[in-house]
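Novice: when you get a sec, could you give me coordinates for this:
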Amino acid sequence: MACRLLRLVLLSLVTSLVCSCGYYSFSPGSASHIKTVAIPVFEDRTAEFGIREQLTEALVQEFTRDNTLRIAERHSADSVLEGVIVAVDDRAGPYDKQEMVQELKVYITVDVRYFDLKKNQEVWKDRLTQWGAYDPNAGGTSARQEGINEAIRKLVTEILNRTVSGW
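Specialist: From the prediction side, this is the model:
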């Protein structure tokens, strides 16, 4: 009787373990076929020197760090992330009592498109704008570069999140 009860308990345990262990994936069914992404150098329609290389390199590094999608060459990739830098603008922030600008913000606007090469369809497309602040009285171009770096970090985070969200 005790042996029969033990078998019944073991059978119940095995059955509950088998039923509770199912396949789980972070990838949605519709995008599970996408494993790699190509990120060609973004086009730049501004006069800002070197910003397209800086933005593209930051994207490649962030996608590599995230590791949801592997970076690949376009001819072998499942998807492609393309972009055009359409504007880089400096705008004045608050003024002090002497009517001097205390802070400037550099805004970067980018048209981005993420395309599924396997299904030959657009996944998302949008115009994104982010900014970085800097002190115009501290360091000239190096201070402005810090503002550009901040704007690029924000753009990269937004682009990565839009691309891999729901995975």
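Novice: just say helix, strand or coil for residue 159.
Specialist: Secondary structure for residue 159, judged by DSSP: H, G, I helix; E, B strand; the rest coil, is helix.
Novice: what helix or strand is the nearest residue to residue 62 once chain neighbours are set aside located in?
Specialist: Computed as C-beta to C-beta, 6 or more residues apart in numbering, the closest residue to residue 62 that is not its neighbour in sequence is residue 156, at 4.9 Å. For every residue, glycine as well, the C-beta is placed using N, CA and C. With the criterion set as DSSP states H and E, the secondary-structure element containing residue 156 is helix 141-164.
Novice: give me the contact list for that helix.
Specialist: 37, 48, 51, 54-55, 58-59, 62-63, 66, 68-69, 81, 83, 88, 90, 104-108, 110, 112, 114, 123-124, 126, 128, 130-136, 139 (C-beta atoms under 8 Å, 6 or more residues apart in numbering).
Novice: which ones among those map onto helices?
Specialist: If you go by DSSP state H, the contacts of helix 141-164 have 51, 54, 55, 58, 59, 62, 63, 66 in helices.
Novice: can I get the residues you listed in JSON lines with pLDDT, neighbour count and distance to residue 100?
Specialist: Output for these, formatted as JSON lines (pLDDT from 0 to 100; neighbours: other C-beta atoms under 10 Å; distance: C-beta to C-beta, whole Å):
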{"residue": "51", "pLDDT": "96", "neighbour count": "19", "distance to residue 100": "27"}
{"residue": "54", "pLDDT": "97", "neighbour count": "16", "distance to residue 100": "30"}
{"residue": "55", "pLDDT": "98", "neighbour count": "24", "distance to residue 100": "31"}
{"residue": "58", "pLDDT": "98", "neighbour count": "17", "distance to residue 100": "32"}
{"residue": "59", "pLDDT": "98", "neighbour count": "24", "distance to residue 100": "36"}
{"residue": "62", "pLDDT": "97", "neighbour count": "15", "distance to residue 100": "36"}
{"residue": "63", "pLDDT": "97", "neighbour count": "22", "distance to residue 100": "41"}
{"residue": "66", "pLDDT": "96", "neighbour count": "13", "distance to residue 100": "42"}
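Novice: from these, which single one is nearest residue 73?
Specialist: Each of these was checked against residue 73 using C-beta to C-beta; the closest is residue 63, at 13.9 Å.
Novice: which ones are touching the closest one?
Specialist: With contacts defined as C-beta under 8 Å, 6+ apart, residue 63 is in contact with 37, 39, 69, 71, 160, 163.
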